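1. This is a predicted model, with the sequence first.
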There are 2 protein chains.
Amino acid sequence: MSEKKQVTFEDIAKYTGFSKTTISRYFNRPATVTENNRKIIREALDTLGYQENKVAHILATGKTEYVGVIVPSLELDYYSSMLDKILKTYNEFGYKFIVFVGSNDAAAEMRYLEELLAYQIEGLIIMNHTLPSMSLCSLSVPVVAIEREDRFINSVNSDNYLGGIEAASLLLEKPCDVLIHLNSPTDESIPAYRRILGFKDYCLGHGLPCDIMIRDFGYSHEELHIPVKSAFEEMENRYPGMKKGVFCANDVIANYLLGQVIRKYGGLTPYYRIVGFDNTPMAVKAAYSISTIDQQIDVIAREAFSLLLEKIRLKRAGDPAADVPVHKTVSPLILRRETT
Amino acid sequence: MSEKKQVTFEDIAKYTGFSKTTISRYFNRPATVTENNRKIIREALDTLGYQENKVAHILATGKTEYVGVIVPSLELDYYSSMLDKILKTYNEFGYKFIVFVGSNDAAAEMRYLEELLAYQIEGLIIMNHTLPSMSLCSLSVPVVAIEREDRFINSVNSDNYLGGIEAASLLLEKPCDVLIHLNSPTDESIPAYRRILGFKDYCLGHGLPCDIMIRDFGYSHEELHIPVKSAFEEMENRYPGMKKGVFCANDVIANYLLGQVIRKYGGLTPYYRIVGFDNTPMAVKAAYSISTIDQQIDVIAREAFSLLLEKIRLKRAGDPAADVPVHKTVSPLILRRETT
């Protein structure tokens, strides 16, 4: 195993002509070294190959180039897809990501946060719902939320209201007897709640019957199967022989609903037209490709990272704008596929 | 924004009675401070709350509690599922993960490695295929591979040969006219190659006709659709009216094949029995749940991390066993579901 020779403080002192105490101060209390001398030492470190040890560099500059990410689960396509895109921003921006996975456990999330702060992350991207934004906003680093309650922190979300409208209008491109929306109980503070509003408003505005079916669809794939099956049976009983346009809260529910339709009808049928939400890989994995509202996950990931970077910059500059939450929305697109 | 008061070297010196130079040496050249004095300083840091800054702690102990992970893509269920399980080992072991995503770009992977080493990771888990194990083994930290060429590095893999046997035996639980295996071109140095061998050997040993169809199935979902469709058409033409038992290299291919069967036959048919490999969430997302060979991704992830930890320990102890590659296999399980 090859290992580089460690560059010592003595080497750096000899090279720069400074005392070892000055070199030590550079690493431990950089503010006590003049900017000019810091520059000389930095260049010496580069020349001597000391930059190999970024941990020392962090102490000297306070810039870790680390960002923390907390995500509920990677078993759901939406989150793994979003994380994929966030991690790939490295290629453009050079920031590294420390990732924690886990959900619905406030104590665990607090521990993740403590770890991340102890390791001096420069910012945090959070997708978990557990910790309120009122707590998150008091962290010492900027925070950007994606699709969660975000009153006191920065966020980048899909334009959910527009997405709901798009879903309804897509379903109505062909004649429909009833429009249905399947969703889990969603708190009004969660951005995705506005999907429901957009869908409902569009139906009302066009004088169309609409049925908002709120059921507990759970979070894991094992959990999802059963409630989707019973929602399907409910629709079958409630609207027999009617053409149903169904907007599902996400592609996962849409996929399970399509599964039920296939099992009953042996394939696509005019009785069901289905639209999902997200445009995760799931939507093209199904036996018939699923029409969906494309959040543009890659755009959201990139916007979230860029916003975080801007906030980090403002914070470092001592600009009070660093602490004013910014909320961005990305307009979703209609993706017409086989299920509509 | 609340920020803790920074504990200075002066505070620590005053508290311990040591000189500031000693405190400085503790952080920068810990080996020059006696173990006993290191202990006193460590306790003082705890008491004074200095432990909040792990970066300083890293310099003092050399223990970053960071592990690097390099994974090709999170758009494929196998990798996102494995990463999910790896990240969750945090709850048991407390190690943090710096994650890079990207595939088939040796230059990019080298850059990831340089970053990880510069940040003093203690070990690396790698799933990418690009860099040969001969290069990886010369890194200064232990490396554990999962399902990739692993000659000179540690690895934890599924017992792929057994998996191939299990797949064939599962298909033969009901009468079958021909056994078929669908796979991408696979180098013999990749552990998954042995799935093909196990399947073939079982068929030969039982005097059964078997057709190994090697096609380029690609890596993304967009890519997969077309070659699976044409493999399906090939099977339809080559074995009309025959009962085909098809072992797919992974659940993703199995899912697309099932999609083709549904499109042609309107559901399950005695002409096709399908077995996947991996037991990713994909296998239960399909319209009909897919029988599969369960790699036990959670067990593999945990074993990989435990092996890495053991190697880190050996390395720190200067034990030469640290540098001897260990290869572990996890026996897969047969999961009977609707497609068989």
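-> Nice, I can see it.

2. which residues of chain A score low on pLDDT?
-> Filtered on pLDDT under 70, chain A yields the residue ranges A:1-7, A:27-31, A:49-62, A:219, A:221.

3. mind listing the strands for the stretch 1-150 of chain A?
-> In the stretch 1-150 of chain A, the strands defined using DSSP state E, counting those that start in this stretch lie at A:66-71, A:96-101, A:123-126, A:143-146.

4. Contacts only, for the closest residue to chain B within the stretch 151-300 of chain A.
-> For the stretch 151-300 of chain A, the residue closest to chain B is A:Gly266, as judged by C-beta to the nearest C-beta, at 3.1 Å. To be clear about C-beta, it is placed using only N, CA and C from the backbone, and glycine gets the same treatment. With contact set as C-beta atoms under 8 Å, 6 or more residues apart in numbering or on different chains, A:Gly266 has these partners: B:Gly266, B:Gly267.

5. just checking, A:Val33 touches A:Ser24?
-> No: A:Val33 is beyond contact range of A:Ser24, at 9.9 Å (criterion: C-beta atoms under 8 Å).

6. When those two are compared, which one has more neighbours?
-> Neighbour totals were compared for A:Val33 and A:Ser24, and A:Ser24 leads with 24 against 21 (other C-beta atoms under 10 Å in any protein chain shown).

7. How about the more buried one, nearest residue that isn't a chain neighbour?
-> With C-beta to C-beta, 6 or more residues apart in numbering or on different chains as the criterion, A:Ser24 has its nearest non-adjacent residue at 4.5 Å, and that residue is B:Ser24.

8. cool, and A:Leu113?
-> A:Leu139 (7.0 Å).

9. Kindly report the same for A:Glu338.
-> Nearest to A:Glu338 is A:Tyr288, by C-beta to C-beta, 6+ apart, at 4.3 Å.

10. and the gap between the one you found and B:Asn250?
-> If you measure A:Tyr288 against B:Asn250 using C-beta to C-beta, to the nearest Å, the figure is 21 Å.

11. What about A:Met242, how many residues nearby?
-> When counting by other C-beta under 10 Å, one arrives at 12 neighbours for A:Met242.

12. cool, and A:Ala192?
-> With other C-beta under 10 Å as criterion, A:Ala192 counts 20.

13. and it, what does it touch?
-> Going by C-beta under 8 Å, 6+ apart, A:Ala192 touches A:Glu147, A:Asn160, A:Thr186, A:Ala249.

14. cool, A:Leu83 as well?
-> A:Leu83 neighbours (C-beta under 8 Å, 6+ apart): A:Val69, A:Val71, A:Leu74, A:Val99, B:Leu74, B:Ser80, B:Val101.

15. try 10 Å this time
-> Shown in contact with A:Leu83 (C-beta atoms under 10 Å, 6 or more residues apart in numbering or on different chains): A:69, A:71, A:74, A:97, A:99, A:101, A:125, A:127, A:297, A:301, B:74, B:80, B:83-84, B:87, B:99, B:101.

16. on that earlier part again, what do A:Val33 and A:Ser24 both touch?
-> Residues touching both A:Val33 and A:Ser24 by C-beta under 10 Å, 6+ apart: A:Phe18.

17. Is A:Arg42 in contact with A:Tyr26, as I believe?
-> Yes: the criterion here is C-beta atoms under 10 Å, and A:Arg42 meets it with A:Tyr26 at 8.5 Å.

18. more neighbours, these two?
-> Per other C-beta under 10 Å, whichever of A:Arg42 and A:Tyr26 has more neighbours is A:Tyr26, with 25 against 16.

19. Close to chain B: what parts of the stretch 151-300 of chain A are there?
-> Contacts of the stretch 151-300 of chain A with chain B, taken as C-beta under 10 Å from any C-beta of the partner chain, map to A:220-222, A:224-225, A:252, A:255-256, A:258-268, A:280-289.

20. could you redo the last one with a cut-off of 8 Å?
-> Proximity of the stretch 151-300 of chain A to chain B (C-beta under 8 Å from any C-beta of the partner chain) is limited to residues A:221-222, A:225, A:252, A:255-256, A:258-259, A:262-263, A:266-267, A:281-282, A:284-288.

21. Just the buried residues of those.
-> With burial judged by 16 or more other C-beta atoms under 10 Å in any protein chain shown, the buried subset of those is A:221, A:225, A:252, A:255-256, A:258-259, A:262-263, A:267, A:281-282, A:284-288.

22. In helices, which of those fall?
-> The helices, defined by DSSP state H, take in A:His221, A:His225, A:Val252, A:Asn255, A:Tyr256, A:Leu258, A:Gly259, A:Ile262, A:Arg263, A:Met282, A:Val284, A:Lys285 from those.

23. and the second one, what does it touch?
-> So the one you mean is A:His225. Applying C-beta under 8 Å, 6+ apart, the residues near A:His225 are A:Tyr256, B:Val284.

24. sorry, back to before: name the nearest of the ones in helices among the buried ones among the residues of the stretch 151-300 of chain A next to chain B relative to A:Gly198.
-> Taking C-beta to C-beta as the measure, A:Gly198 lies nearest A:Val252 of those, at 19.9 Å.

25. That closest one reaches A:Asp77, doesn't it?
-> Yes: look at A:Val252 against A:Asp77 with C-beta under 8 Å: they come within range, at 6.8 Å.

26. which residues are in contact with both of these two?
-> In contact with both A:Val252 and A:Asp77: A:Thr280, A:Met282, using C-beta under 8 Å, 6+ apart.

27. quick check: domain ranges of chain A?
-> Per automatic domain parsing, the domain ranges recorded for chain A read A:9-61, A:66-157+A:298-330, A:160-294.

28. Now the ones you listed in TSV, please, with extra columns for distance to B:Ile312.
-> Putting these into TSV (distance: least, C-beta to C-beta, whole Å) gives the following:
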stretch	distance to B:Ile312
domain A:9-61	17
domain A:66-157+A:298-330	18
domain A:160-294	32
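
29. so which of these comes closest to B:Ile274?
-> domain A:160-294 (12.7 Å).

30. Just the endpoints, please. Distance across that closest one?
-> Start-to-end span of domain A:160-294 (C-alpha to C-alpha, to the nearest Å) is 11 Å.

31. Give me the distance between it and the centre of its chain.
-> Domain A:160-294 sits 22 Å away from the centroid of its parent chain (C-alpha atoms, centre = their mean, to the nearest Å).

32. Please apply the same query to stretch A:144-159.
-> Mean C-alpha position of stretch A:144-159 versus that of the full chain (C-alpha atoms, centre = their mean) differs by 9 Å.

33. mind checking the backbone torsions on the nearest residue to A:Gly164 once chain neighbours are set aside?
-> Spatial nearest neighbour of A:Gly164, excluding adjacent residues (C-beta to C-beta, 6+ apart): A:Gly198 at 2.5 Å. Backbone geometry at A:Gly198, expressed as degrees, to the nearest 10, gives phi -60, psi -40.

34. Next, count neighbours for A:Gly198.
-> Neighbours of A:Gly198 (other C-beta under 10 Å): 21.

35. Please list all residues in contact with it.
-> Neighbouring residues of A:Gly198 by C-beta under 8 Å, 6+ apart: A:Asn160, A:Tyr161, A:Leu162, A:Gly163, A:Gly164, A:Ile165, A:Glu166, A:Ala167, A:Ala168.

36. are any of those buried, and which?
-> Neighbour-count burial (16+ other C-beta under 10 Å) applied to the contacts of A:Gly198 gives A:Asn160, A:Tyr161, A:Leu162, A:Gly163, A:Gly164, A:Ile165, A:Glu166, A:Ala167, A:Ala168.

37. Which pair of these spans the longest distance?
-> Top of the distance list for these (C-beta to C-beta): A:Asn160 and A:Ala168, 13.0 Å.
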